[in-house]
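> coords below, sequence missing:
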């Protein structure tokens, strides 16, 4: 019998408590038995603001914190160390894990990316919209058009739906406290290494 696995493929720049909440909620309210934390490569189309090494360190701190919570997660750095040096795609990530597990896993997304899915690269025969197994995390400000997609579930969160890595970076840049946004160990590393300023 297939184990239900979800891929949490994102930048995690920096990892926030919203990311942790999503992981806990998926593992406790869906049939998913394991989540694979899969950070994205330093993409050419996006400014990550910090070095690759610093981002790897922040993600590792985050992962170690999650392990101490006894969450059933794994860490895959294949795409963080992406040798092709080109933008990764959802289709490549899905192929990598489908080849590894012999079945297609779930993929976790913030729901506001749904509108862009039809334009994503290598999306042959609308596979992402129609066949890819998707777990959507809602955004309070985004109205989801249900008729656009198939094969998804929406994970309801009571809080943290407006917290983002972008918000965390802005708060750090403005020297604001990030209690309730970041793990203290992550903020400590950020401050000690003068990141995101």
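It's in. In this text, all values refer to a predicted model and were calculated from it rather than measured experimentally.
> Check the secondary structure at residue 9 for me.
strand (DSSP: H, G, I helix; E, B strand; the rest coil).
> Nearest residue to it in space, ignoring adjacent ones along the chain?
residue 38 (4.3 Å; CB to CB, 6 or more residues apart in numbering). Quick note: C-beta positions are derived from backbone N, CA and C, even for glycine.
> swap in residue 20?
Nearest residue to residue 20, sequence neighbours excluded (CB to CB, 6+ apart): residue 66, at 6.5 Å.
> Next, give phi and psi for that neighbour.
phi -70, psi -40 (degrees, to the nearest 10).
> Please compute how far stretch 18-26 lies from its chain's middle.
10 Å (CA atoms, centre = their mean, to the nearest Å).
> got the buried residues for that stretch?
18, 19, 20, 21, 22, 23, 25, 26 (16 or more other CB atoms under 10 Å).
> how about the helices in this structure?
Listed in chain order, the helices of the chain (DSSP state H) span 17-29, 52-68, 90-101, 127-130, 165-173, 184-192.
> right, so of those, which gets closest to residue 138?
Of all the helices of the chain, helix 17-29 sits nearest to residue 138, with 10.8 Å by CB to CB.
> Could I get the average pLDDT for the closest one?
For helix 17-29, the mean pLDDT works out to 93.
> helices and strands around it, which ones?
strand 5-10, strand 34-39, helix 52-68 (3 or more CB pairs under 8 Å, 6 or more residues apart in numbering; DSSP states H and E).
> what comes up buried for the longest one?
Yep, that's helix 52-68 we're talking about. Under 16+ other CB under 10 Å, the buried positions of helix 52-68 are 54, 55, 56, 57, 58, 59, 61, 62, 63, 65, 66.
> and which of those is nearest residue 75?
residue 63 (4.9 Å).
> Flag every buried residue along stretch 143-156.
Along stretch 143-156, these residues count as buried under the neighbour rule (16+ other CB under 10 Å): 144, 149, 152, 155.
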